[in-house]
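J.: just the structure for this:
(2 chains)
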Amino acid sequence: MAGIGFELRKLLRKDSYFGLLRAYGYAGIISSGPWVLSILVIMAIGLLALGLLPDRSDQIWQFLVSVTYLVAASLCLSGLAQLIFTRFVADRLFEKKQGIILPNLIGLLTVMNLLAAGIGLTVLLTLFGGTPLLYQVEMFVGFVLLTNIWCITVFITGMKAYRQVLWAFFIGYSVTFVLGMALRRYDLEGLLGGFVIGQGILCYILLFLVLRYYPGDRIAAFDLRRANLTFRSLIFTGLFYNLGIWADKFLFWYNPATSEHVIGPLRASPIYDFPIFLAYLSIVPGMAVFLIRMETDFSERYDAYYNAVRDGDTLSHIELRLDRMVETVRQGVYDIFKIQGITVVALLLVAPSLIDWLGFSPYYVPLFNIDIVAVGIQVLFMAILNVLFYLDKLKIALLLCLLFFVSNVLLTLLSMYLGAIFYGYGFALSLMISSLVGLAVLDREFQQLTYQTFMLQRQS
Amino acid sequence: MKWPTLKPNDTPADVTLLLEGTYPMVRGGVASWVEQMIRGMPDRRFAIVFMGGSESAYDGILYDKPDNVVHLECHYLMDAGQNVDEPRQFEGNRKAFAASDSLHQYFKEPGASDPNKQLCEVAQLLGKKGNLAHEDFLYSRQAWEQIVEYYRKYCTDPSFLDYFWSVRNMHSPLFLLAKIARNLPPSRCLHSISTGYAGFLGALARHLHDIPFIVTEHGIYTKERQIDLTEAEWIKTYDDVLTHGFRHDVSYIRRLWIRFFDGIGRLTYSAANPITTLYEGNRERQIIDGAPAEHTRVIPNGIRVDRFAPLRNQTFDNTAPVIALIGRVAPIKEIKTFVRAMRIVATRLPGAQGWIVGPEAEDPEYAQECRDLAEQLDLNGTVQFRGFQKTEDVLSQIRVATLTSISEAQPLVALEAMAAGIPVVCTDVGSCYEIVHGHAKEHLTSLTTPPDPANAAGRIVPIADPGATAAAILELLMDRPAWESARAVGIARVDAQYSESLMLERYEHLYTEVTDGSRPLAAAGE
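T.: Purely as a prediction, here's the structure:
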C-alpha cells in the first residue's frame, strides 16, 4: 500500500487543472469520506423514515438521538487512545517495526472493550431503567462496536490506508442504510438494530483488513503501557479535544431551557443539534486542502529539514529548510482560509433556501450560519494541532486542547445566558481563540525550533 | 591499598600535583618521573589530582602509595556530561556570555591583550549556575546564539552538526574542571605536569584562590595534541573530488581543536610562574606558544648516577666492538636506520656487533620488518635482537650507545650510558644535542662555529642517515683518544648536571621559592 502522499503527488504532478481537481477531490473523499458517509446515512434514514412513517416521528427522533449519543460517547472514550496510538504507530513505522503494531492494536482493543463494556453496563443499569430491553442491548452493543471502529480506524489511518477505510465505511453504511430501511417497521428497535448490524459488519471488515494486510509477530501486546510521561499527555490531549468538540452539545442537551426529554436519560436539543451536524458537511473542501498540504508539501519539507540537521548541512541550509517548512504551514493556513472561506460565504448565501428546501424552520438559519463558520475554524485548529504533533510539541497541544475545552464550556454557558441569538457563538469563539493562540504559539515554536533541536536534546 | 584524602580543615599539602593521564593510573616516562619526585622529597606532603578520559579506560591505581602522599582524587573528563540536569529551555546570563566572548576573542588574536583579566573573570563565572554552569552552556539561548555567531563568522566547514558537537565536546570537561578547581584539597602550591586540561585546572585555581602555580612540561602538550588531531580519524574531512591531492590545509574542525588546546595552553602559561621544561629547545617552543620568557626555566631530568658509576672501570677495559641501541622496537625509534648503519660498520670493522635491546610487543609487525631487513643485509649474528634486558648488564658490555630516534624529549638512556662511561651517538632530536655538547644548539648563521669535539660526550648525527651514523660509530670505535675524550666528557657532564639529586634539589628550591610568603589555599571552596 503506497502512502497517500505519493498518490496525491502523482495526481498533482499531472500539472493540469483537471489533475489538480482530481487530487483535491480525492483528498476530500479520503479525508472526510467516513464521517460524511455516517452523517449522510443517519440523516437519510431519519428523513426517509420520517417521510414514509410520518406518525412514528417520536420513534425516529429517539433513534437519531440515540445514535448521536452513541457516536459522541464512543468518540470521547476512544479519544483517550486515539492520539497516543497514532503516535505509537508512527514511531514504530519509523523504526520499521511493523510486526509489533498489530499485537498492540489487539491489546488496545482488549482494554478498550473492557472499558466500553464496563462503562456501558454501568450506565445502562443505573440510568436506562424503563427503556425496552432490546433497546438497551442494542445501545450496549452499538457503543462497544463504535469504540472498536474508531480505534481500528485510527490504526488504518495511521498506516495511511485511507482508501481501505473509505471502502469499509461505504460497505458498512450501505448495510446500515438498507437494514435500517428494511427494519423501520419495527420502530426504534428496528432502526437501531439495522444500525448496530451495519456497524458490526463495518467493524469486522476493518478487522479483516487489518489482520489480512498487517501481520503481527504476536497475538497481543501492551507496549503502550510503557509509553513515557510525555506520550501519556497524548491521552489527555485526545480526551480534551473530543470533550471540547462535544462540550457545547452536552450543555445544550442538558439545559432544560434548550432541550427536551427523548428516551431514558437521553435529552436532545432540536434547535441546536440539527444545524451543527449539517454544518459539518461543509468542511469537506477544507479537509481536502488540509490533507494535501500535510501529506505532500509539509511532510516533505519536514523531512528535508530534519535530514539537513542530521546529515550535517550548513546552518544557513538548515534555516532555509526551516523557512520552507514554515512557508508550507503558512501556505496551508492561507489555503484553508481561502477554500473554506469561499465555502462559508457560498453557504451563507444559500443557507435560507437550503434550510427551506430541507423542510426546516427558518429559525435555524442564524445558528446554521455561525456553525459553518465554527466548523471552518475547526479545520484550522486541527491543522495547527497536527503541525504541533509533527514537531513533537505535545505539551503545547495538550494545553491548547484544554483551552478549547474550557473556553467552549464557559463561552457556551455565557451564550445560553445571553439568549437564543448567541447560540453557537460559544463554540465558534472558543475555536477561534484556541486557533489564534495556536497560531501564535506555532510561530514562536518555529522561531525556536533549531535552537531546541540542537540544544535541548538529551545527552546520550 | 586505600589512598587518603584531605579534609578542608586539615594541614595543607605542600604541593598538589595536577596529573593528566599519567601517574598513578598509567605507566610511562612521566609517571616514573612523578614517582621519582614524590619519593625523592620524603619531607614534603604531596596531594594528587588525577584527570583521565573515561573511567573504563583505566585499570585502577598501578603504583604503591608513597608515605608522603596525603591526598588522591581522580576525575574522568569524558564522563563529564553525566551529572547535568535534564534539558530545559531558558535565556541564560547575557553578561556571563559576554565575558566568555571576550576570552574567545583572545584565543582568536592571542598577543593583543593580557588574558589574565579575562580568564580571571571567566574563572569566577565558570561552573556557577545561572552564569557559566554546564547547564547554561548546554541549554541556554545565550549559549546557542554564541555558537551560531561563531559558526557564521569563522567556521568554513560545511557541517553545522559537526561544529556543534565539536564545540560541545571540547568544552564539556571545562565545567568539571571548574568544579574541581573550586574544591581542591588545601595546598600551599599547585604543580601541573602538562598544560592541556591539567594546566587549565591549575590556571583556574590560580585565579580563584590566588595560590602559586607551577607548570612542568616534559613533552610539549600542544604539539603532541596537534599531531594527534592531524591524524585523528574521528574528525570528518570534507574533500571535493577534484581538489583531492592538491589541497593540504587542515579542516576547520581540526584547526578548532588545535586552537582550543593552543588557547588553554596560553592561559596556562600566562597564569603559571615558573614554567619549567627539560631542555632549551622545549623552552623556546613554550615561548613561541605564549609563555612569558622571564617565567620559563630549564630543569633537566636526573638519573641515579650511583647505579651506573660502578660500571666505569669495567667499561674502560671493554675491547669488543659492541654497539647497543636501548629502546622499544617501534617506528619512532627508527631501528631500521641502526640496522643499515650496522651494515656499513660491519663491513669496515668485521666482528662488530649491534645489539637492539628492548621489548618488541608494542609493534610486532615493525619488529619483524627490522628482523627481515637485518637478514636481507646479511647481518645474521651481527645485529642481535636481545629483547628487554637490565640496562646495567648491557652497558657493562658495550663500547658505544646509539639512539636513532626521530623523536625524543630527554632520553634517560643516553644519560645512563654516559654515566657508565659509554660515548653516545644520537640523532639531533629533543635535548640530545644539549646532552652531548653541553649547550643548546645555536641557530645556524654564517658565524656559527661547529661544536667542539673535545667538549662532546659523543656524536650528534642527522635523522635517518645510516652513513653518518655509521661514520660516527666507527670514529668512536676506531679512534681510542676520541673515545676516551667523549667518555670523560660524558662522565663529567652527567655528574655535574644530570644527577637525580641535583634535579630534586632544584625542585625543592622551586617549591620553597614559590610558597615563601604566600598564603596557602586553606579551606577548599569559596
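J.: residues making contact with stretch A:263-276?
T.: The contact list for stretch A:263-276 (CB atoms under 8 Å, 6 or more residues apart in numbering or on different chains) reads A:61-62, A:65-66, A:68-69, A:127-131, A:135, A:188, A:248-249, A:252-255, A:258-262, A:360, A:363-364, A:367-368, A:371, A:374-375, A:420, A:423-424, A:427. (Glycine included, C-beta is placed from N, CA and C.)
J.: may I see the PyMOL selection of the buried members of those?
T.: Of the contacts of stretch A:263-276, the buried ones go into a single PyMOL selection, burial set by 16 or more other CB atoms under 10 Å in any protein chain shown:
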select buried, chain A and resi 61+62+65+66+68+69+128+131+135+188+248+249+252+253+258+259+262+360+364+367+368+371+374+375+423+424+427
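J.: where in the chain is pLDDT low?
T.: Unless you meant another one, I'm taking chain A. Chain A contains residues with pLDDT under 70 at A:1-35, A:227-230, A:458-460.
J.: you answered for a different chain; I wanted chain B.
T.: B:1, B:111-112, B:231-250, B:443-449, B:517-519, B:521-526.
J.: contact residues of it facing chain A?
T.: Counting by CB under 8 Å from any CB of the partner chain, chain B comes close to chain A at B:81-82, B:84, B:86-89, B:138-141, B:143-144, B:148, B:151-152, B:158-162, B:164, B:236.
J.: pull out the buried members of those.
T.: Buried among the residues of chain B next to chain A by 16+ other CB under 10 Å: B:81, B:84, B:138-141, B:143-144, B:148, B:151, B:158-162, B:164.
J.: so which of those belong to strands?
T.: Using DSSP state E to define strands, no part of these is located there.
J.: how about the residue of the stretch 351-500 of chain B found nearest chain A, what does it touch?
T.: Residue nearest to chain A within the stretch 351-500 of chain B: residue B:362 (33.8 Å; CB to the nearest CB). Taking CB under 8 Å, 6+ apart, we find residue B:362 in contact with B:328, B:329, B:330.
J.: list just the nearest of the residues you listed to chain A.
T.: For those, the nearest to chain A is residue B:330 (36.2 Å; CB to the nearest CB).
J.: quick one: contacts for the closest one?
T.: By CB under 8 Å, 6+ apart, the contact set of residue B:330 is B:362, B:363, B:366.
J.: the first one sits in which helix or strand?
T.: Meaning residue B:362. Using DSSP states H and E, residue B:362 falls within no helix or strand.
J.: ok, now the last one?
T.: Residue B:366 belongs to helix B:364-376 when assigned by DSSP H and E.
J.: my guess is residue A:370 contacts residue A:428. True?
T.: Yes: the pair residue A:370 and residue A:428 qualifies as a contact (CB atoms under 8 Å) at a distance of 5.3 Å.
J.: can you get me a residue count around the residue in the stretch 251-400 of chain B that chain A sits nearest to?
T.: Proximity of the stretch 251-400 of chain B to chain A (CB to the nearest CB) peaks at residue B:253, 10.7 Å away. Residue B:253 has 25 neighbours, counted by other CB atoms under 10 Å in any protein chain shown.
J.: in the strand or helix carrying it, what's buried?
T.: Assigned by DSSP H and E, residue B:253 falls within helix B:252-271. Using 16+ other CB under 10 Å as the test for burial, helix B:252-271 gives B:252-271.
J.: got it, and stretch B:180-189?
T.: B:180, B:181, B:182, B:184, B:185, B:186, B:187, B:188, B:189.
J.: just those residues: which are in helices?
T.: With helices defined by DSSP state H, the entries of the buried residues of stretch B:180-189 inside them are B:180, B:181, B:182.
J.: contact partners for residue B:161?
T.: Residue B:161 sits next to A:309, A:310, A:311, A:312, A:313 when contact means CB under 8 Å, 6+ apart.
J.: list the buried residues of the helix holding residue B:366.
T.: For helix B:364-376, using 16+ other CB under 10 Å, the buried residues are B:366, B:367, B:369, B:370, B:371, B:373, B:374.
J.: all strands for the chain, in order.
T.: In the absence of a named chain, this looks at chain A. A:260-263, A:266-268.
J.: to clarify, I was referring to chain B.
T.: Shown for chain B, the strands assigned by DSSP E span residues B:15-20, B:46-52, B:69-76, B:190-192, B:213-217, B:275-277, B:296-298, B:322-326, B:353-357, B:383-385, B:400-403, B:424-427, B:458-461.
J.: deepest in the core, which of those strands is it.
T.: Of the strands of chain B, the one with the most neighbours on average (mean count of other CB atoms under 10 Å in any protein chain shown) is strand B:190-192, at a mean of 30.
J.: who does it touch, helix- and strand-wise?
T.: Using 3 or more CB pairs under 8 Å, 6 or more residues apart in numbering or on different chains; DSSP states H and E as the contact test, the elements touching strand B:190-192 are strand B:15-20, helix B:196-209, strand B:213-217.
J.: cutoff 10 Å now
T.: Applying 3 or more CB pairs under 10 Å, 6 or more residues apart in numbering or on different chains; DSSP states H and E, we find strand B:190-192 packed against strand B:15-20, strand B:46-52, helix B:196-209, strand B:213-217, helix B:500-515.
J.: strand partners of it, parallel vs antiparallel please.
T.: The strands beside strand B:190-192 in its sheet (DSSP bridges) come out as strand B:15-20 (parallel), strand B:213-217 (parallel).
J.: could you dump the ones you listed to a markdown table with distance to residue A:331?
T.: Shown next, in a markdown table, are those (distance: least, CB to CB, whole Å):
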| stretch | distance to residue A:331 |
| --- | --- |
| strand B:15-20 | 56 |
| strand B:213-217 | 61 |
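J.: grab the nearest non-local neighbour of the residue of the stretch 351-460 of chain A found nearest chain B.
T.: Using CB to the nearest CB, residue A:456 is the residue of the stretch 351-460 of chain A that sits closest to chain B, at 4.1 Å. Closest residue in space to residue A:456, ignoring its immediate chain neighbours: residue B:87 at 4.1 Å, by CB to CB, 6 or more residues apart in numbering or on different chains.
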